[in-house]
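Peer 1: the following comprises the amino acid sequence and a computationally predicted model.
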Amino acid sequence: MAIKQFKNILNKDEQKYFKTQVLDNLYFPYYLSKRISVDTDSFPYFNHKILMRPEEVKEGTDRRNSPHYNYVANLFNIISKRFKFKYKNLLRISINLTFNSGVKECAIHKDHDYPHKQLLIFLHVDDKNSFTIFYDKDCKKIIKRIKPENNTGIMADNQPHNHLTPKKGYRVVLVYTFH
C-alpha cells in the first residue's frame, strides 16, 4: 500500500471531542516515555496509552488502558468506513505529545516487529517543519516526507519512519496501529 494522506479526517464533532477532552483539558493525563519503541535509543515524549500493544501485556489481559477507549476505538471504525479501508484488529492506540526536548528527531523505527498498518492523525501542530518521514525497508532512502497539518491523517504499511521534533510549541498525534 502506498502512503495515503486524508485531509479533514475528523468532522466538527470529533474535533470538538479532542479539543475539549484532550487538548484543552488541563487534567488529561500524559505519561513520560523515554523510548519511541522498545528497540530504539532514548527519546523523551509524553503519551497516553489508550490500547496497549499486545506485546506489552500478558496474553488474556485487558489491553484497554483509558476511559477514552470506547470513543476512540469507535472513531477508528467510523474513519475506516468514511475513507473506505478495512481492518481486522486494532493493535495499539496512543495519543503522543512531542516537544523540543533538545533531541532533533526520534529514531527511525517500526511500531511493531510484525506486519501492521498505522494511521497517524495530527490533532495539534505548532511547528509545520516537524515532518514525519517514511523510509525504505533498509532505512537508507526517504520514501516520503510529510508536513504535519492539523486534522490530517497519514496511513501507511509498517514502513520504518520517524519525525522531527518541533522546534517551537508541541505536536499531538493520535496513533492507531492495526491489521
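Peer 2: Nice, thanks for sending it over.
Peer 1: would you map the strands across the protein?
Peer 2: 4-7, 31-35, 42-51, 90-99, 117-125, 132-135, 142-146, 152-157, 161-163, 170-178 (DSSP state E).
Peer 1: to residue 109, which of those strands lies closest?
Peer 2: Each of those has some distance to residue 109 by C-beta to C-beta; the shortest is strand 161-163, at 6.6 Å. Backbone N, C-alpha and C define where each C-beta goes, glycine included.
Peer 1: mind giving me the packing neighbours of the closest one?
Peer 2: With contacts defined as 3 or more C-beta pairs under 8 Å, 6 or more residues apart in numbering; DSSP states H and E, strand 161-163 has these neighbours: strand 132-135.
Peer 1: what is the strand it packs on packed up against?
Peer 2: Applying 3+ C-beta pairs under 8 Å, 6+ apart, we find strand 132-135 packed against strand 142-146, strand 161-163.
Peer 1: worst average pLDDT in the strands of the chain?
Peer 2: Of all these, mean pLDDT reaches its minimum on strand 31-35 (a mean of 84).
Peer 1: and it, which residues are buried?
Peer 2: residue 33 (16 or more other C-beta atoms under 10 Å).
Peer 1: just checking: what are the partner strands of that strand?
Peer 2: Strand 31-35 has its sheet partners listed here by DSSP bridges as strand 42-51 (antiparallel).
Peer 1: hmm, who's touching the strand it pairs with?
Peer 2: For strand 42-51, contacts defined as C-beta atoms under 8 Å, 6 or more residues apart in numbering pick out 22, 28-36, 63-66, 68-69, 72-73, 90-99, 101, 103, 106-107.
Peer 1: which among those end up buried?
Peer 2: Buried members of those, counted by 16+ other C-beta under 10 Å: 22, 28, 33, 36, 63, 65-66, 68-69, 72, 90-99, 106-107.
Peer 1: mind putting the helices and strands packed on strand 132-135 into JSON lines with distance to residue 121?
Peer 2: Converted to JSON lines, the helices and strands packed on strand 132-135 look like this (distance: least, C-beta to C-beta, whole Å):
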{"stretch": "strand 142-146", "distance to residue 121": "13"}
{"stretch": "strand 161-163", "distance to residue 121": "14"}
